[in-house]
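Asks: The sequence and its predicted three-dimensional model are supplied below.
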Amino acid sequence: MLTFFKTPPRVPELVFAAVLIWMFAMGQGWSVMLADGDTGWHVRNGERIIDTRSVPYIDPFSFGSGSHPWFAWEWLSDVLFAVLFRQDGLKAVAWFCGITIAASVSLLLRHMLWRSIGMHISFLLAVLTAGASSIHYLARPHVLGLLLFAIVCWMVDRDRAAPHPWIWTLPAIFALWANLHGSFLAGLAMLGLRIGETIVRRSDGGNLTRAAMLLGASIAATLCNPYGWRLHAHAIEYLQSGWIQSSVEEFQSPRFRSQSMLFYELLLLAGVAALPWLLRRKEIYPCCAILLWAHESLASVRHVPLYGLAASPFIGSWFQNSWQGWVRGCRADSLARTFDAITLTWRPWCSGYTVWPVLLAAWLAAHGAGAAFPANKFPVCLVQRNFQRLTSSPPQRVFSSDQWSDYLIFQLFPSVRVYFDGRSDFFGPWRGNAYMDLMRGETDSPSILDREGVEWALLPKDWALAGLLRRSSQWRVADADEQAVLFERNYAMRASASNQKPAARR
């Protein structure tokens, strides 16, 4: 036992620790991972599933949406979040997602080291991938999808090198994945690329049959979800929706104005530069993987992490080949030869597993700071001051921004019902167009709130709609601070207006 603890951590485990500490040290502990309000409704939905012992088909969180079916395609992640929340609050949820993110980066590093890529190159690409993906490092179910995608990429790549029976565990992985997050379609795409490679290479029929059977079994496994094939149809429709692509920021093209997008740009250029070398070697699958996810990531910033996880191992092979070619041309006493020799000494510490990552995760869980939704992004103080007013029965109809509505669901459900929240796949254009009009403060905004029977409006202070409601006699300011304004419908004014009788004609 003492020998086990004396074993030093491996390089991928050090990267795991570095990513974990980096996320924990940013901002106010784990709260940095709660910058997205979606975590709130995921927790509440998971609690509802546990309490009712049933998966929802109709939305319980908004008003006026009962006629629209809801696909809670992350229901199993929601249950997991709810269990963690009931154990140790939001800190446990953020801690678990941090562990998952760090594990996905560490797994990517192991994948590259398995491909005999030097540690210096593997580490650099892992850092670039983590940096490019950092905008998506949030306490949401999609981080589970990133980990599973990294697993599938490595398993498929390993099976390409030498067929292994472990590849047949993929259907079980996909059955789990389809209930955790909709990104299982990305994993199926990688299996589809493998079939394409066998066809182009004109491999023997056995390889093609094996690849086709694996894809078919994996697709069949994804049908093991509460919604069956309808989940797939819904996910594909969601990804192809023009309204989603034009209205939801994470489905729009990257904006190269931040440090994370600089990391992505470097990875993108490296992927394009690696293509000629891969084509000369007739590496069809790597070329297709780079091109597919480069295209998807350029179309939607949400796919940037998938590009990093899928493309980095093949970019690393190109870098390693170029590095070795350059080193061979250097003198024996050159700095390049010396550096290459140093990296070789690290090779024994690049494989294997120790107990240290588990101990670090346990220490952070026991001693790490708590987590809460950050007050600079959510109207924490204003909601706390008006808790009693907003939770009076019957359930209050509240309009707010999609992110703040997620927060209201977490804090006030079931006492409130919201108009529009972060579930863009559920609302879509049938309510999304009106929501966009309200965000912009169009002239007919008050009439939309009247038509929907909204009783409260919690708005960012700088929204144009806040100015419209300030000037409306039908609304009054119930509370305000430097961040938000809470409007309450002025029923006394409405009653007074309705009781006024027209003047009698003379």
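Replies: Looks like it came in fine.

Asks: From now on I want contacts and neighbour counts done on CA atoms only, so please keep to that.
Replies: Noted.

Asks: which regions of the chain lie under the pLDDT threshold?
Replies: 1-6, 26-29, 203-206, 492-506 (pLDDT under 70).

Asks: domain parsing for it?
Replies: Per automatic domain parsing, the structural domains of the chain span 2-35+71-367, 380-499.

Asks: Which stretches in the stretch 251-400 of the chain count as helices?
Replies: Using DSSP state H, counting those that start in this stretch, the helices of the stretch 251-400 of the chain run over residues 259-280, 284-299, 304-328, 335-345, 356-367, 380-385, 387-390.

Asks: Name the residues of the second one that are buried.
Replies: Meaning helix 284-299. For helix 284-299, the neighbour count (16 or more other C-alpha atoms under 10 Å) marks 284-294, 296-299 as buried.

Asks: From the contact counts, what lies against that helix?
Replies: Packing partners of helix 284-299 (3 or more C-alpha pairs under 8 Å, 6 or more residues apart in numbering; DSSP states H and E): helix 184-200, helix 259-280, helix 304-328.

Asks: could the ones you listed go into CSV alongside mean neighbour count and distance to Leu412?
Replies: As requested, the helices and strands packed on helix 284-299 are arranged in CSV below (neighbours: other C-alpha atoms under 10 Å; distance: least, C-alpha to C-alpha, whole Å):
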stretch, mean neighbour count, distance to Leu412
helix 184-200, 19, 32
helix 259-280, 17, 34
helix 304-328, 22, 33
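
Asks: Without its sequence neighbours, what residue ends up closest to Ile167?
Replies: The shortest distance from Ile167 to any non-neighbouring residue, by C-alpha to C-alpha, 6 or more residues apart in numbering, is to Met155 (6.4 Å).

Asks: Likewise for Ser77?
Replies: Leu180 (5.0 Å).

Asks: Please tell me how far that neighbour sits from Phe420.
Replies: When distance is defined by C-alpha to C-alpha, to the nearest Å, Leu180 is 23 Å away from Phe420.

Asks: what do you get for Val152?
Replies: Distance, Val152 to Phe420, using C-alpha to C-alpha: 35 Å.

Asks: buried stuff in stretch 104-120?
Replies: Within stretch 104-120, the residues scored as buried using 16+ other C-alpha under 10 Å are 104-113, 115, 117-119.

Asks: Packing partners of the helix or strand that Cys153 is a member of?
Replies: Using DSSP states H and E, Cys153 maps to helix 142-161. Counting contacts by 3+ C-alpha pairs under 8 Å, 6+ apart, helix 142-161 packs against helix 75-114, helix 170-180, helix 184-200, helix 304-328.

Asks: Pull the residues that contact that helix.
Replies: Contacts of helix 142-161 from elsewhere in the structure, counted by C-alpha atoms under 8 Å, 6 or more residues apart in numbering, are 97, 100-101, 103-104, 107-108, 111, 137, 164, 167, 170, 173, 177, 180-184, 186-187, 190-191, 194, 305-306, 309-310.

Asks: now with 6 Å?
Replies: The contact list for helix 142-161, computed with C-alpha atoms under 6 Å, 6 or more residues apart in numbering, reads 104, 111, 183, 187.

Asks: isn't there a helix covering Ala478?
Replies: No - judged by DSSP: H, G, I helix; E, B strand; the rest coil, Ala478 forms no part of a helix; its state is strand.

Asks: just checking, it touches Asn490?
Replies: No - between Ala478 and Asn490 there is no contact under C-alpha atoms under 6 Å: 9.9 Å.

Asks: biggest separation within the buried residues of stretch 104-120, which pair?
Replies: Greatest spacing in those, by C-alpha to C-alpha: Ser104 and Gly118 (19.1 Å).

Asks: Now Phe63, what are its backbone angles?
Replies: Main-chain dihedrals, Phe63, degrees, to the nearest 10: phi -110, psi 150.

Asks: Look up the closest residue to it, ignoring the ones flanking it.
Replies: Distances taken as C-alpha to C-alpha, 6+ apart place Arg417 nearest to Phe63, at 5.6 Å, with adjacent residues excluded.

Asks: Now do the contacts for that neighbour.
Replies: Per C-alpha under 6 Å, 6+ apart, neighbours of Arg417: 61-63, 397.

Asks: And what about it, helix, strand or coil?
Replies: Arg417 ends up strand, using three-state DSSP.

Asks: Would you mind measuring from it to Asn490?
Replies: Noted for Arg417: a distance of 19 Å to Asn490, by C-alpha to C-alpha.

Asks: What of Gln474?
Replies: Distance, Gln474 to Asn490, by C-alpha to C-alpha: 5 Å.

Asks: circling back: between Val152 and Phe420, which one's more packed in?
Replies: Comparing Val152 with Phe420 by other C-alpha atoms under 10 Å, the one with more neighbours is Phe420, at 27 against 22.

Asks: where does that one land in three-state SS?
Replies: Using three-state DSSP, the structure places Phe420 in coil.

Asks: can you pull the contacts of the closest residue to it other than its chain neighbours?
Replies: Of all residues not flanking Phe420 in the chain, Asp402 sits nearest, at 5.6 Å (C-alpha to C-alpha, 6+ apart). Neighbouring residues of Asp402 by C-alpha under 6 Å, 6+ apart: 420-422.

Asks: Same list (the residues you listed) but as JSON lines, adding distance to Glu47.
Replies: Formatted as JSON lines, those follow (distance: C-alpha to C-alpha, whole Å):
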{"residue": "Phe420", "distance to Glu47": "21"}
{"residue": "Asp421", "distance to Glu47": "18"}
{"residue": "Gly422", "distance to Glu47": "18"}
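
Asks: Considering these, which is situated nearest to Ala130?
Replies: Proximity of the contacts of Asp402 to Ala130 (C-alpha to C-alpha) peaks at Gly422, which lies at 24.6 Å.

Asks: Return the distance of the closest residue to that closest one other than its chain neighbours relative to Leu469.
Replies: Using C-alpha to C-alpha, 6+ apart and skipping residues adjacent in sequence, the residue nearest Gly422 is Asp402, 5.1 Å away. Taking C-alpha to C-alpha as the measure, Asp402 falls 19 Å from Leu469.

Asks: same thing with Gln240?
Replies: Here the criterion is C-alpha to C-alpha. By it, Gln240 lies 36 Å from Leu469.

Asks: Alright, calling it a day.
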